[in-house]
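Peer 1: only geometry, no sequence info:
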């Protein structure tokens, strides 16, 4: 990729190096070198005390406003502790625990450092945990978090490339059936409830019971990790989040996944907009109302809080915050999207939607284009912005040849979840599924060489909906009308191939509304209407790209070759596909091009690739029926007054 000054970025100011130390000790002299002032240290401990502690590495943000009212370190320290104490306040107490900054195991942190104005006299409604000091490890650097994890968390190791390998416990993936959202006067009318919805209700009182359990657990610990960070690279619409957790692994994970503030931004951070209490090591009470297991992930949008009990899988935090953005951003007329996004050197932006196995990561990561983000975005009046500060990539069967950027990103600072490695060499075996198939890597986005920093771009020109059609009847590419874009966006179709589960002998259709049903908060039609409005306003074109099978269903046909799909995507990016000649398919009514450079013309219409035309027609009608059955969930839905789906969108689906 050619160098381009506009998109280059600094990783932070270079840290000043310590003066070189002579290894030969001279009698009656202190250590020094010949080129600088002597180092005033007689011992190693004294030398370490002279090493100026730097703040954690930050995500560079251009144009950051830096006019802050100067305050003393002591004042800022006090304000931070007061803010964190307020976050950790129990419902039975007006104030939070007695907080001290720093690791309790450090010799430098002693009781004599604790301010004298703390009193230990017990009062009514005070638990034992409020009588002790809770040490806060605040926005630690990756190096500090490595130390904490390796010292105190069983199962944490450094791999041969420098990544931190760790274990998430019994849960190695999300627990969607254990996720609850408080249904109150506000959310009862705003959120999507009922059939097909991912939102399982709970009441506010039960949330507070679980919050109390989580907070009391965190307060009972000798130390907690606190991250204050941002979501959304759009400076006008970013959200301040605070994550309180018990594990260094969770703190490092969120350090990577959220946007890292500069020291100046931390000084002026103030009260967070949303707080996560991750007490995942501690189970919920299974006999509490609404609980179905010892795991519970609870969202209270009115209180702006999230509670995690009974699962240590870090992805719950990432996706929980994504759900919050799906609620908050539409209120600002900003569309939240479960998509990848990249940008060409001429500033043309594309969005990529797709479920697991469709090629979203592979196709959005393009060495000839800049990566804005791989998973979560916002589309506002000013353009597209990444919600996150990092990437969360699947690692199963990862190889240097297939995914060089992800492979090279797994280095110091990266968290590797549940991977298996050689005990001696610490070389990771990415093909080993003995812990889980859902092995993951979490790393800052600047670890990707062609990342666009800051992670923002202009309005998209192309919206690509990816489907891995294992039935083999969808065309390799179709140009969509706005109504068709809405229909297929709401449908969120792909197909699982036979063999992924025992006993499955034919493709299984999967539908996930908005290509991320597990995370959306409002009804899918709300997001679809916003998408169509923005596409129409800014002249974006919708495309349906099949990365699945051709010439027959899985088992008889062949998967469409990746080089052909790349040629299709290149033609979309360049704009040449808009100039092609099109014809309309039967049943789905899709506009398909008759010719694309570098792609065999005969595969562009799937009927040509099937030798058994009757089998093709039967399979086509079967898939169309699955689409219609799935869409019945949305046809009769009405939000407020008169917001039912229009006949135009229904007509954009299969017609037979």
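Peer 2: Perfect, thanks for sending it. What you see is a predicted model; the values in this text were computed from it and never measured.

Peer 1: other SSEs contacting the lengthiest helix in the chain?
Peer 2: Scanning the chain for the longest helix, with DSSP state H as the assignment, gives helix 613-635. Under the contact criterion of 3 or more CB pairs under 8 Å, 6 or more residues apart in numbering; DSSP states H and E, helix 613-635 touches helix 482-491, strand 508-511. C-betas here are computed from N, CA, C, even on glycine.

Peer 1: These into TSV, with extra columns for mean pLDDT, distance to residue 292 and mean neighbour count?
Peer 2: Converted to TSV, the helices and strands packed on helix 613-635 look like this (pLDDT from 0 to 100; distance: least, CB to CB, whole Å; neighbours: other CB atoms under 10 Å):
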stretch	mean pLDDT	distance to residue 292	mean neighbour count
helix 482-491	96	29	24
strand 508-511	94	24	18
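
Peer 1: Tell me which of the ones you listed lies nearest to residue 551.
Peer 2: Residue 551 lies closest to strand 508-511 among the helices and strands packed on helix 613-635, at 19.2 Å (CB to CB).

Peer 1: So which elements touch the closest one?
Peer 2: Counting contacts by 3+ CB pairs under 8 Å, 6+ apart, strand 508-511 packs against strand 493-496, helix 613-635.

Peer 1: Name the residues that touch it?
Peer 2: 355, 471, 491-496, 623, 626-627, 630 (CB atoms under 8 Å, 6 or more residues apart in numbering).

Peer 1: before we move on, what about stretch 80-97?
Peer 2: Contacts of stretch 80-97 (CB under 8 Å, 6+ apart): 98-101, 125-127, 129-130, 132-134, 136, 138, 208, 211-212, 215-216, 218-219, 224, 226, 242, 244, 269-272, 275.

Peer 1: Let's see which of the residues you listed end up in strands.
Peer 2: Among the contacts of stretch 80-97, DSSP state E puts 98-101, 133-134, 136, 138, 224, 226, 242, 244, 275 in strands.

Peer 1: neighbour-wise, which of these leads?
Peer 2: residue 224 (25 neighbours; other CB atoms under 10 Å).

Peer 1: ok, that one - contacts?
Peer 2: 88, 134-137, 218, 244-246.

Peer 1: of all those, which comes closest to residue 155?
Peer 2: residue 246 (14.7 Å).

Peer 1: Can you report how many residues lie near residue 451?
Peer 2: Residue 451 has 23 nearby residues by other CB under 10 Å.

Peer 1: whoops, residue 96 was the one
Peer 2: 21.

Peer 1: From residue 84, how far out is it?
Peer 2: 7 Å (CB to CB, to the nearest Å).

Peer 1: same deal with residue 308?
Peer 2: Residue 308 is 18 Å from residue 84, by CB to CB.

Peer 1: same thing with residue 409?
Peer 2: Taken as CB to CB, the span from residue 409 to residue 84 is 31 Å.

Peer 1: swap in residue 510?
Peer 2: Applying CB to CB to residue 510 and residue 84 gives a distance of 42 Å.

Peer 1: Ignoring the adjacent residues along the chain, who's closest to the residue most central in space within the chain?
Peer 2: In the chain, the residue lying closest to the centroid (CA atoms, centre = their mean) is residue 318, at 4.8 Å. Closest residue in space to residue 318, ignoring its immediate chain neighbours: residue 257 at 5.3 Å, by CB to CB, 6 or more residues apart in numbering.

Peer 1: which residues touch that neighbour?
Peer 2: Residues in contact with residue 257 (CB under 8 Å, 6+ apart) are 317-318, 388-390, 392, 442.

Peer 1: ditto for residue 594
Peer 2: 580-583, 601, 604.

Peer 1: Out of the residues you listed, flag the one nearest to residue 425.
Peer 2: When these are ranked by distance to residue 425 (CB to CB), residue 604 comes first, at 48.4 Å.

Peer 1: ok, the closest one to residue 592 distance?
Peer 2: 6 Å.

Peer 1: Kindly report the same for residue 572.
Peer 2: Distance from residue 572 to residue 592, by CB to CB: 13 Å.

Peer 1: Would you mind listing the residues touching both of the two?
Peer 2: If you check residue 572 and residue 592 against CB under 8 Å, 6+ apart, the residues they both contact are residue 477.

Peer 1: so where's the stretch 201-350 of the chain shaky on pLDDT?
Peer 2: Counting by pLDDT under 70, the stretch 201-350 of the chain has no low-confidence residues at all.

Peer 1: Same question for the stretch 51-200 of the chain.
Peer 2: In the stretch 51-200 of the chain, residues with pLDDT under 70: 51-71, 107-131.
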